[in-house]
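*Asks:* this one's structure only:
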């Protein structure tokens, strides 16, 4: 059995089940999004941020320091023809204890993330930080 099962519901939403933990996520179609549930493009953009933070956390552990408190605000924009994600903006917020050198080092860890490396090359990824 697979770890993830996605089921289409009568109302057009999808139920995403992560079987190992029993976690459910409900997603709604992007064009019909009422803002109640996350949309599939939002999930992709959020996956990129989560993956980047995972890599940053592993890097911090390797250096025997903490990356706790780093957060990423995510925004994606769409284009109509073809209907797809055009750009993902990531704004990384570092704790006050991070100096410029440390921020640069952690920002460089975003591109080795497997989600980043799996994106269509036509999707622009714009990364900024505090």
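*Replies:* Arrived safely. Since this is a predicted model, take the numbers as computed values, not measurements.
*Asks:* Can you tell me the SS state at residue 50?
*Replies:* In three-state terms, and counting by DSSP: H, G, I helix; E, B strand; the rest coil, residue 50 is helix.
*Asks:* Count residues in the vicinity of residue 125, would you?
*Replies:* Neighbours of residue 125 under the rule other CB atoms under 10 Å: 15. (C-beta placed from N, C-alpha, C; glycine too.)
*Asks:* now the helix or strand hosting it, how far from the chain's geometric center?
*Replies:* Here residue 125, judged by DSSP states H and E, is contained in strand 124-129. How far strand 124-129 lies from its chain's middle: 12 Å, per CA atoms, centre = their mean, to the nearest Å.
*Asks:* So which residues make contact with it?
*Replies:* The contact list for strand 124-129, computed with CB atoms under 8 Å, 6 or more residues apart in numbering, reads 48, 86-94, 103, 107, 110, 116, 119.
*Asks:* Try it again at 10 Å.
*Replies:* Residues outside strand 124-129 that contact it (CB atoms under 10 Å, 6 or more residues apart in numbering) are 45, 48, 52, 70, 72-73, 75, 77, 85-94, 98, 100, 103-104, 106-108, 110-111, 116, 119.
*Asks:* One more: stretch 7-15?
*Replies:* Against stretch 7-15 from outside (CB under 10 Å, 6+ apart): 5-6, 16-17, 24-29, 32, 36-37, 39-40, 43.
*Asks:* Setting aside sequence neighbours, what's the nearest residue to residue 17?
*Replies:* Once flanking residues are discounted, residue 17 sits nearest to residue 5: 4.7 Å by CB to CB, 6 or more residues apart in numbering.
*Asks:* Give the next helix or strand downstream of the particular helix or strand that has that neighbour in it.
*Replies:* Under the criterion of DSSP H and E, residue 5 resides in strand 4-8. Tracing the chain past strand 4-8, the next element assigned as helix or strand by DSSP H and E is strand 14-18.
*Asks:* And that next one, what's buried?
*Replies:* Within strand 14-18, the residues scored as buried using 16 or more other CB atoms under 10 Å are 14, 16-17.
*Asks:* quick one: the following helix or strand past it to strand 4-8, angle?
*Replies:* Using DSSP H and E, the helix or strand that follows strand 14-18 in sequence is strand 23-27. For strand 23-27 against strand 4-8, the angle by axes from the mean of the first three to the mean of the last three CA atoms, to 10 degrees is 40 degrees.
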